[in-house]
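Visitor: What follows is a protein structure lacking sequence information:
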């Protein structure tokens with residue numbers, strides 16, 4: 001005799017229904033996500049568009065434009081000042097190199113001058129120095145010329161003129177500073 005199972009149709013059907021429910025639920029979730037992602041992206045896009053519009057409005061506001069123009073003007077001024085600073089540094093360096101006539105040079109000339117010589121005029125050019133002076137005697141003028149020639153700082157020392165006036169001698173002496181040339185453009 002055959003056993004009769006009265007629950008068999010219910011058991012199989014129940015198991016079959018569970019698989020179908022799981023399948024349809026999974027498909028529903030996938031379809032829901034496929035529909036949900038474009039909706040979320042559209043909402044984000046609209047939100048970003050609103051933010052962009054607000055930022056453009058703020059950027060084009062006259063108050064902000066004035067600040068931007070002020071900053072651009074200051075940036076240009078800073079750039080110009082930096083260029084001027086570079087130029088001034090170059091000029092300062094060139095002047096430092098050309099500044100051979102200073103207190104040290106004048107003190108050196110004074111030290112080389114005999115005691116009985118007085119200067120009437122001291123003319124300093126870019127490359128030469130001319131001294132007009134008064135001396136008690138010609139030997140003092142010669143000693144002064146000798147001192148200048150033997151110094152390493154001066155060259156081309158010559159006495160242009162000596163004139164006797166009363167008890168004194170008027171003289172002109174011209175000399176160059178070594179290392180300074182007339183055509184030196186640096």
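Guide: All right, it came through fine. This one's a predicted model, so the numbers in the text were calculated from it and none came from an experiment.

Visitor: Now do the strands in the chain.
Guide: 117-124, 128-135, 154-165, 168-177 (DSSP state E).

Visitor: Dump the ones you listed into JSON lines; add distance to residue 104, mean pLDDT and mean neighbour count as well.
Guide: Backbone N, C-alpha and C define where each C-beta goes, glycine included. Converted to JSON lines, the strands of the chain look like this (distance: least, CB to CB, whole Å; pLDDT from 0 to 100; neighbours: other CB atoms under 10 Å):
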{"stretch": "strand 117-124", "distance to residue 104": "14", "mean pLDDT": "90", "mean neighbour count": "12"}
{"stretch": "strand 128-135", "distance to residue 104": "14", "mean pLDDT": "92", "mean neighbour count": "18"}
{"stretch": "strand 154-165", "distance to residue 104": "13", "mean pLDDT": "91", "mean neighbour count": "13"}
{"stretch": "strand 168-177", "distance to residue 104": "12", "mean pLDDT": "92", "mean neighbour count": "18"}
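
Visitor: how about the ones you listed in JSON lines, adding distance to residue 71?
Guide: Formatted as JSON lines, these follow (distance: least, CB to CB, whole Å):
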{"stretch": "strand 117-124", "distance to residue 71": "49"}
{"stretch": "strand 128-135", "distance to residue 71": "53"}
{"stretch": "strand 154-165", "distance to residue 71": "57"}
{"stretch": "strand 168-177", "distance to residue 71": "51"}
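
Visitor: wait, which of these is closest to residue 37?
Guide: strand 168-177 (87.1 Å; CB to CB).

Visitor: what's the angle between that closest one and strand 154-165?
Guide: Using axes from the mean of the first three to the mean of the last three CA atoms, to 10 degrees, the direction of strand 168-177 lies 170 degrees away from that of strand 154-165.

Visitor: What is strand 168-177 packed up against?
Guide: Packing contacts for strand 168-177, counted by 3 or more CB pairs under 8 Å, 6 or more residues apart in numbering; DSSP states H and E, involve strand 128-135, helix 138-150, strand 154-165.

Visitor: Can you lay out those as CSV showing distance to residue 31?
Guide: Output for these, formatted as CSV (distance: least, CB to CB, whole Å):
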stretch, distance to residue 31
strand 128-135, 102
helix 138-150, 109
strand 154-165, 103
